[in-house]
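Trainee: Fold the following for me, if possible:
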Amino acid sequence: MILQTRQAEYNIVSGTSMSCPRTAGLAAYVKTYHSDWSPSAIKSALMIIAWAMDQSKNQDGEFAYGSGHINPIKAIDPGLVYEAFKEDYIKLMCSIGYAPDSIRAISGDNSSCSESSQNLPSKDLNYPSMTALVPLEKSCTVNFEQLIY
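Mentor: This next block holds a predicted model:
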């Protein structure tokens with residue numbers, strides 16, 4: 001085994017290891033301005049104001065890096081936030097076929113799928129990022145409805 005013996009006066013830390021504590025700190029910063037906002041509203045604000053990664057360096061940037069770079073000043077007044085509640089996530093899990101035991105394990109309570117929630121399209125989650133189940137190799141149109149509070 002070869003041991004590394006060189007030392008440096010500095011340390012570079014990047015990637016997910018640094019984005020998580022930075023984002024948590026920014027969420028706390030936004031909460032100081034909006035003490036009545038829920039965690040989903042704060043997350044929405046951070047996602048909405050983020051600007052895209054440089055696609056010339058990575059064509060899949062948005063998928064590889066999340067929402068992008070966060071601007072703390074803009075996050076204080078994003079102009080729009082999406083609110084999603086626990087029930088919304090339960091409906092989402094029901095709509096994409098999660099087993100009742102899995103839903104209860106995730107929710108931490110006795111949540112279950114109603115008959116109507118099993119027929120909801122997964123795209124109906126009120127969330128600042130949009131997703132839809134589409135057929136492979138076929139043309140399709142997807143319309144998104146978002147609730148603005």
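
Trainee: Just the buried residues of the lengthiest helix in the chain, please?
Mentor: Longest helix in the chain, counting residues (DSSP state H): helix 16-33. For helix 16-33, a neighbour-count test (16 or more other Cβ atoms under 10 Å) marks 23, 26, 27, 30 as buried. Backbone N, C-alpha and C define where each C-beta goes, glycine included.

Trainee: between these, which is closest to residue 2?
Mentor: Of all the buried residues of helix 16-33, residue 2 sits closest to residue 23, with 36.5 Å by Cβ to Cβ.

Trainee: hang on, the closest one packs against residue 42?
Mentor: No. Using Cβ atoms under 8 Å, residue 23 makes no contact with residue 42, being 10.1 Å away.

Trainee: measure residue 35 to residue 26 for me?
Mentor: Counting by Cβ to Cβ, to the nearest Å, the separation of residue 35 from residue 26 is 16 Å.

Trainee: Equivalent analysis for residue 134, please.
Mentor: Applying Cβ to Cβ, the value for residue 134 to residue 26 is 33 Å.

Trainee: Can you pick out the most distant pair from the buried residues of helix 16-33?
Mentor: Farthest-apart pair in these is 23 and 30; separation 10.4 Å (Cβ to Cβ).

Trainee: Quick check: neighbours shared by those two?
Mentor: Both residue 23 and residue 30 are contacted by residue 46, under the criterion Cβ atoms under 8 Å, 6 or more residues apart in numbering.

Trainee: Could you verify my assumption that residue 46 touches residue 27?
Mentor: Yes. With contacts counted by Cβ under 8 Å, residue 46 reaches residue 27, the gap being 6.6 Å.

Trainee: Burial check on residue 50, number of neighbours?
Mentor: Here the number of neighbours of residue 50 (other Cβ atoms under 10 Å) works out to 21.

Trainee: gap between the residue nearest to residue 102 when sequence neighbours are not counted and residue 117?
Mentor: Among residues not flanking residue 102 along the chain, residue 93 sits closest, at 7.4 Å (Cβ to Cβ, 6 or more residues apart in numbering). Counting by Cβ to Cβ, the gap from residue 93 to residue 117 is 9 Å.

Trainee: what about the two, which has more around it?
Mentor: Taking other Cβ under 10 Å, residue 93 and residue 117 do not tie; residue 93 has more neighbours (20 against 15).
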